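**Student:** Fold the following for me, if possible:
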Amino acid sequence: MKKFFLPAVALFASTPAIAHADEPAAQRFEYKGSSYNYTVTQVGDVRIISGIEERTGKPFTLRVGANRVRGTVGSQQVSFALRDVEPLTKPATTIASR
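**Tutor:** Numbers count the residues shown, from 1 in each chain. Below is the predicted model of the structure:
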């Protein structure tokens with residue numbers, strides 16, 4: 001599971017936090033044939049990435065700190081160093097924004 005999410009999290013980690021206090025804009029990306037919808041919110045020094053894999057409906061929640069990413073994918077716990085994240089080659093697509 002770690003190898004699956006490492007490249008994807010690079011996009012999340014580099015995505016700036018939404019400046020609005022309103023609902024964050026939904027974004028989308030594709031990786032290895034799967035599509036993911038997600039939102040990013042800033043809570044203190046931590047970015048919270050919440051989303052769903054479209055085909056299976058499996059939810060994920062990742063907390064991106066200064067050095068580490070922790071969270072859940074479906075019912076599985078994940079934790080890995082931020083330095084292990086690989087960047088995606090294409091930028092995310094914004095689905096809706098205010």
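
**Student:** At which residues are the strands of this protein located?
**Tutor:** For the chain, the strands defined by DSSP state E occupy 27-31, 34-43, 46-53, 59-64, 68-73, 76-81, 93-94.

**Student:** Tell me which of these lies nearest to residue 87.
**Tutor:** For those, proximity to residue 87 was assessed by Cβ to Cβ; strand 27-31 is nearest, at 11.7 Å. For glycine as for every other residue, the C-beta is placed from the backbone atoms N, C-alpha and C.

**Student:** List the buried residues of the closest one.
**Tutor:** 27, 29 (16 or more other Cβ atoms under 10 Å).

**Student:** Stretch 60-67 too?
**Tutor:** By neighbour count on 16+ other Cβ under 10 Å, the buried set for stretch 60-67 is 60, 62, 63, 64.

**Student:** In TSV: those, plus distance to residue 36 and pLDDT.
**Tutor:** Formatted as TSV, the buried residues of stretch 60-67 follow (distance: Cβ to Cβ, whole Å; pLDDT from 0 to 100):
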residue	distance to residue 36	pLDDT
60	8	94
62	11	92
63	17	94
64	15	92
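
**Student:** Thanks again, I'm all set now.
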